[in-house]
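Novice: Next comes the sequence, and after it the predicted model I'd like to discuss.
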Protein chains: 2
Amino acid sequence: MGILRKTKSVEIVVKQFDKDSSAISVITLVERLNSDMNKTTVYRILNKLEDDGVVHSFLGKNGHKWYAKCNNCSSTKHHDVHPHFQCITCGKVDCLDINVHIPEIPNRNVEIAQVLLQGQCDACIKN
Amino acid sequence: MGILRKTKSVEIVVKQFDKDSSAISVITLVERLNSDMNKTTVYRILNKLEDDGVVHSFLGKNGHKWYAKCNNCSSTKHHDVHPHFQCITCGKVDCLDINVHIPEIPNRNVEIAQVLLQGQCDACIKN
DNA sequence: TCTTAAATACAACTAAGTTGCAAATATAGT
DNA sequence: ACTATATTTGCAACTTAGTTGTATTTAAGA
């Protein structure tokens, strides 16, 4: 069950993903919005927004949760996956607009595939 | 810096990976060995074993740490990666002996790639 | 405006993983 | 074998991401 009511808190959270195309960690979001709402609210709203397909979540390098806006996410087709890239220098995370093809695995039924790439982003390579 | 001394604790931990070819979560390991050693010791030994290239670590579906024995792991070649498969029914995790090719990403320097697949394993499909 | 089901704040909790320090132990040198 | 010492371990306390229960507040339909 997703969002049912358009509250101020929901609007504020959604706005965060509009103004920034890169992914945002829950930790950052909780910190950034701590004057607007409780951290429990942040967690619950993100949960619901994901149910509704507005955002998608994934785990960053420390196992912490990140969210990004769903653009052309088709969460039903799981054999081509868009990877997430986390810069090990500046920490920024982006959804990459490429497909990583996951081959068929014998004797296993693959339903979800997550690809996390780590390295240096353009800005950090140049510095 | 890895293991310097061959202690009983180190032997016990290493033995866990010998008798079982699938990956083991740290949580399981700490629980299984709690009569043999302290959880801090488990964490520290695993850390060192990874430094030494004896085991490799990755994050499972909840962001919890898992370890598996390194067989033909070449941690220096990062553009072909072996994925980890976690069964969402029984929870078991295996290293898959296939390569997932990560394409070159423009303007980014990919150093690490993690692929986590989730679905049903052979045994759980049949049940 | 009134009703009520959904949403929120708050505080307490859970659990994975870390840290600091004193005690124990493996190993090299004698 | 014995000793010295640096490594390893146990223990307890801590950190922090994420969850839960409950009373209060609020959106939205009647």
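Specialist: That came in fine, so what should we check first? Numbering: from 1, shown residues only, chains lettered A, B, ... in the order given.
Novice: which residue does chain A bring closest to chain B?
Specialist: Going by CB to the nearest CB, chain B is nearest to A:G63 of chain A, at 2.7 Å. No exception for glycine: its C-beta is placed from N, CA and C like everyone else's.
Novice: Contact partners for that residue?
Specialist: B:L59, B:N62, B:G63, B:H64, B:K65 (CB atoms under 8 Å, 6 or more residues apart in numbering or on different chains).
Novice: what residues does chain A put near DNA strand D?
Specialist: With CB under 7 Å from any atom of the strand as the criterion, chain A comes near DNA strand D at residues A:5-8, A:26-27, A:39-40, A:43-44, A:47, A:63-65.
Novice: Could you export the residues you listed as TSV, including pLDDT?
Specialist: Shown next, in TSV, are the residues of chain A next to DNA strand D (pLDDT from 0 to 100):
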residue	pLDDT
A:R5	92
A:K6	93
A:T7	97
A:K8	97
A:V26	98
A:I27	98
A:K39	98
A:T40	98
A:Y43	98
A:R44	98
A:N47	97
A:G63	96
A:H64	97
A:K65	98
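Novice: Report the next helix or strand after the lowest-mean-pLDDT helix or strand in chain A in sequence order.
Specialist: When each helix and strand of chain A is scored by mean pLDDT, DSSP states H and E, strand A:80-81 comes last, with a mean of 76. The first helix or strand that comes after strand A:80-81 along the chain, using DSSP states H and E, is strand A:84-87.
Novice: List the neighbours of that following strand that are in contact with it.
Specialist: Here strand A:84-87 makes contact (CB under 8 Å, 6+ apart) with A:23, A:58, A:60-61, A:66, A:68, A:92-96, A:114-121, A:123-124, B:105, B:108, B:110.
Novice: Can you check the pLDDT for A:L4?
Specialist: On pLDDT, A:L4 comes in at 81.
Novice: Over to A:Y67?
Specialist: pLDDT recorded at A:Y67 is 97.
Novice: Surely it and A:V30 touch.
Specialist: No: applying CB atoms under 8 Å, one finds A:Y67 not in contact with A:V30, separated by 11.6 Å.
Novice: For the nearest residue in space to A:I105 that is not next to it in sequence, give me the pLDDT.
Specialist: Leaving aside its chain neighbours, A:I105 sits nearest to B:L96 (6.4 Å; criterion: CB to CB, 6 or more residues apart in numbering or on different chains). With respect to pLDDT, B:L96 scores 92.
Novice: Next: A:H79.
Specialist: Per-residue pLDDT puts A:H79 at 55.
Novice: Same question for the one 4 residues further on.
Specialist: Looking at A:P83, its pLDDT reads 94.
Novice: Same question for A:P106.
Specialist: pLDDT recorded at A:P106 is 91.
Novice: thinking again about what came up before, show me the contacts for the residue nearest to A:I105.
Specialist: Taking CB under 8 Å, 6+ apart as the contact definition, B:L96 lies against A:I105, B:H82, B:P83, B:H84, B:F85, B:L117.
Novice: Doesn't the first one lie inside a helix?
Specialist: Just to be clear, that refers to A:I105. No: counting by DSSP: H, G, I helix; E, B strand; the rest coil, one finds A:I105 to be coil, located in no helix.
Novice: Around DNA strand C, pick out the residues from chain A.
Specialist: Within chain A, the positions adjacent to DNA strand C are A:3-5, A:7-10, A:36-38, A:40-41, A:44-45, A:48, A:63 by CB under 7 Å from any atom of the strand.
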